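> The following comprises the amino acid sequence and a computationally predicted model.
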Amino acid sequence: MLNKVKPIVNIGNSHGSLQHQRFPDVLAKNYIRVDERELHDVLLALGEYAKNINFYDLDEKIKGSWHDLLMSDEAIFLASTIPINIGEIKKNFEVEMSRGQAQAILEIWKQLQWLNRWLRNAVSLKNEEGRALYIKISNMIQANLLSGVADLYDLSRHEKISDQLDIDDLEAVWDIHNELLNCDTLNTYCNCESREKRLGAIFNAIVNVISFLARESEKAFNINLKKQSHQPASALLLAFLQAYKRTQTTTNCFSERLLEYYYSQIQRNRQLTGGGDRVYLECQLSATSEPVIIEKGVQFIAGKTENLQDILYEVQADALITGAKLGALKTLFLQRHLLISPENITRSVTQIKVSDVLDHLSNTDISIPHSLFGYDDGASGFSIGSNRDTGLVISSGLLRLKQGNRRVNLNFSISDRHLQTILADNEVKNSIANIVEKMQDNAQQAEIEVELSMLSGLYLDNFTSFLSAGEDLMELERDIFCEFETVEQDVWLSGAPSKVLKTLYKKAITSVLLKSCTTESFVNLYHQVFCKYIFKLCLLSDEEKNKIIEKAASLTNGLTDSMTEKLGDNGIMSEENFRKQALSRITEELNMTAKSLLQRYFSNAFIISLSAENGWYNIHRYALSHIQDSDGFELVLDIKQNIPAISDYDEAVHGDKHQQGAPVLIIRINTAADIYPYSYFEPLIINRVKLHVEVKGFKDIVVQNDNGLVDRSKPFQPFGPAPDKGTSFYIGGYEYAQKNIKKINLNITWKNLPTNYGGMSEYYASYNENISNTDFNMRLSLSSSGSWLPFNESQQQRAGLFSYLKDSEILLKKKRIDVDISGQYPVLKKQLQENEFINLNDVHNGYIKLSLLSAEMVFGHKIYPQIMGKILTLNAKNKKQLNFPPLPYTPEIELLSVDYTAEEIIDINLSRRKSVHCGQSASEQNNASANSTDIHALDNTDNRASLYYITPLGIESLQEKVASNGMSFFPQWQDDGNLYIGFTKEHITDRLNIHIQL
């Protein structure tokens, strides 16, 4: 490791005030370990040394060595395989191959001999783990190496070195003579290049077996070491080596001694001798002053002695006074209360407690201590701190919902957090690819089983974080292997790797859950499976549910050993009652459907708040459901017509410090909910959020016609007092113009519409123009960058002007037009104020143009004078008077409203960049963070949605890795207990000295 030491340069006589000058990496603890050998390394070295200590018979002739005695112990034998240096083996082969094929053959044979010796010794292994390893290696040899060894021997004949390969010495498992009968190596590999490639393939196959042997030997060694089955001499040696670890620890204190040398000799730090009193001086910087340096040696007067001499204190080192002050000191603690059900069964979080340490110190007797990281004893009810808001925040212009009946759909696409880690595991994916390849090549079952065995181990490795120390890992691995064997070949060969991975994951987690032998492992895994079941990420059959319940019944006798110690001590609940409660809860949960569980657990788990024009509008009732045919869930919120407008967040109105420039929606945990949801969302990650809004009866629209702006406060004539063909009127909505519209409808209520039978046909019968209801239509187009789409009028949507009854053709007052937006409504992206949007001279996106299409006479306003003239003339000449025709109908709208739906896919990566900087404290601590970001600079004026968290300590942004890995539904804390320290400072500096006295 010494070649990794970084050189220390430009040390000079620095006082080491800056941390990066003061502590190079080389001085870190354990950076240099003089004796870094593990137990198996020491055993290997002893084995090599033991070869030189011989046994002698009565004739004083050598008869074996101490090496044989050492290797007779299974643990020591297994340890001898672990430190194999695969890199060195490969390097040696490359060197020999460069010298020629004969040398390469001998190098491969050398590795085969080693493997053969291991088999010869391993056949006598008695313990279960040793026998299992022997069988695995034997199977791998039969599946992957037999043909290669035969080819190697034939190639040695070609190189005339076969006499150096004693194939008769190989164990029976190699079956070399039968393989040679079917071998035609020299004809198959007839040129030098093909023979060289074959040698490389043989070598790689051997290395794969040796590499697998080394990994599995380490697992078997660790298991064997814990067993009390060693011979006395071996046990004594192993006990000594375990004790030798203490000597290694002492030897490895080299870094600490080097650290002392570094400070005393290189940094020139000197130990201060005893002398005068030592105090800490509190300095307060003037509000207008820049940071001040107080140099070493400066003296301060601290009063007078009894004989009137000055009491002087001298500064021992240069100090920078920045004006920084302790602004906040808070603890955050994840409570897991043993009395709160059902969370207590799986040790789930029951509350998130926050305490202000400074407030405690100022309002409490200072002699009463305050826990440094928060505290809750989990049983008696004693707790430090109070509940604060925790949740998810969505900021989006799509939420500007001024009026009407409004519905908001929050569609969360989710995936399994744990499964995603396995999906990203390249070793797992490569192993599955190898199995699929062997199946496609119709390989022998033994070869496939070897790969399945390796895959089982890789899957189990991903479950170790849920397992306690008492689990039999080899047994669990075998159980997973047996489950993997039941997967149909059609699934493997489906061509969908993710489907294969998910199928295997379901089998693996169910197997480990049902085969776990400790309560802790069962509880951890049950929590994972149950949470996935609620959200339909893991479907459970009735048979699987019954097996889990049976397993719970067999384990709950031990469930109370650790979990109810406090309960029993306090006399709150007996262990027997707690055991019954746990089993009853698990049985009840698994007998419910996922839909029922979703409603029961989360129907009142959240309080949803929206920024309204006069403050926060809180929603306690919402609809929650699974997404059909997709992994996810949906929250549906209804906002009635009488609820104030949902508007942009305004700090002066809403308080706190949220993202500006758009409305804010907060999904916060309801601390009074039946079940605290925090832990139940932990196994999930959010991949995508779709925000969907639906508005009905929106009336805050702009209406203009060819004559100008229309006054909508009273009935109006959209086409003017005398409509003509092509006359148009325009409808625009500033609110929805800026949104990604998916559907829009116009609702028109006509005034003074003719009510006669026959509709317009009868109404205009006296005009002799053969007019019907179908002659009155509109042509619709959408504004787009100053133009109207579609450009070609023949492609524009046509809609009837009036609705009517088909049989009687009586005209109906209400008309609904479903606007064809052809999948793309032109969005208003230009930043405009609402009053600027009204200016139709500069046509903006967001307007719908309705142009009149009708028969030649339109509504008859032009021909009416002619008809009246004729009738008056005839009536003057004839006694029989003709009836006057009805006045031409002028379309007049009494009410006009718009229904629309819009949606937005929230870009999680964009949310990470736009969301508030982690560490910004709440409004009362707006200056408490040394590196906080001004939230007002992070507005949302581009209308794109973003996500961030609200925590008990303020606002927290999404972490950078969220962009590719998905995000948690709630903010995450790695530890149950947390301490947060906040500072205020007027001036930005690169240093901050902190003095903590515990």
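Done, it's in.
> quick one, domains of this protein?
2-34+252-266, 74-229, 277-321, 327-413+578-688+908-998, 415-577, 699-858+891-903 (automatic domain parsing).
> Format those as JSON lines; extra columns: distance to F55, mean pLDDT and mean neighbour count.
Any C-beta I mention is one placed from the backbone N, CA and C, and that applies to glycine too. Formatted as JSON lines, those follow (distance: least, Cβ to Cβ, whole Å; pLDDT from 0 to 100; neighbours: other Cβ atoms under 10 Å):
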{"stretch": "domain 2-34+252-266", "distance to F55": "34", "mean pLDDT": "57", "mean neighbour count": "12"}
{"stretch": "domain 74-229", "distance to F55": "17", "mean pLDDT": "82", "mean neighbour count": "17"}
{"stretch": "domain 277-321", "distance to F55": "68", "mean pLDDT": "83", "mean neighbour count": "10"}
{"stretch": "domain 327-413+578-688+908-998", "distance to F55": "57", "mean pLDDT": "81", "mean neighbour count": "18"}
{"stretch": "domain 415-577", "distance to F55": "35", "mean pLDDT": "85", "mean neighbour count": "17"}
{"stretch": "domain 699-858+891-903", "distance to F55": "83", "mean pLDDT": "90", "mean neighbour count": "17"}
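> Reformat the ones you listed as CSV; add distance to L238.
Converted to CSV, those look like this (distance: least, Cβ to Cβ, whole Å):
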stretch, distance to L238
domain 2-34+252-266, 21
domain 74-229, 7
domain 277-321, 52
domain 327-413+578-688+908-998, 36
domain 415-577, 20
domain 699-858+891-903, 66
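> Ok, which of these comes nearest L237?
Nearest to L237 among these is domain 74-229; the distance by Cβ to Cβ comes to 7.8 Å.
> residues contacting K696?
Neighbour list for K696: G404, N405, R406, D899 [criterion: Cβ atoms under 8 Å, 6 or more residues apart in numbering].
> remind me, longest helix of this protein?
The longest helix of the chain (DSSP state H) is helix 192-226.
> Buried residues of whichever helix or strand comes after that one, list them for me.
Next helix or strand after helix 192-226 toward the C-terminus (DSSP states H and E): helix 232-251. Across helix 232-251, burial judged by 16 or more other Cβ atoms under 10 Å covers S234, L237, L238, L241, Q248.
> got a pLDDT number for the fourth one?
So that's L241. According to the prediction, L241 has pLDDT 75.
> Next, give phi and psi for the closest residue in space to Y244 that isn't next to it in sequence.
Nearest non-adjacent residue to Y244, counting by Cβ to Cβ, 6 or more residues apart in numbering: V42, 7.2 Å away. As for V42, its main-chain torsions (degrees, to the nearest 10) stand at phi -70, psi -40.
> since we're on V42, how many residues are nearby?
Neighbourhood size, V42 [other Cβ atoms under 10 Å]: 18.
> how close does it get to I53?
Here V42 is placed at a distance of 16 Å from I53 (Cβ to Cβ, to the nearest Å).
> Could you do D389 as well?
For D389, the distance to I53 (Cβ to Cβ) stands at 72 Å.
> Repeat that for E520.
Separation of E520 from I53 (Cβ to Cβ): 46 Å.
> do the same with S156
For S156, the distance to I53 - Cβ to Cβ - is 36 Å.
> ditto for E216
According to Cβ to Cβ, E216 and I53 sit 30 Å apart.
> from what I can see F77 touches M71, true?
Yes: using Cβ atoms under 8 Å, F77 makes contact with M71 at a distance of 5.0 Å.
> shared neighbours of those two, anything?
With Cβ under 8 Å, 6+ apart as the test, F77 and M71 both reach N121.
> out of the contacts of K696, what pair is the most spread apart?
So, the contacts of K696 by Cβ to Cβ: farthest apart are R406 and D899, at 10.9 Å.
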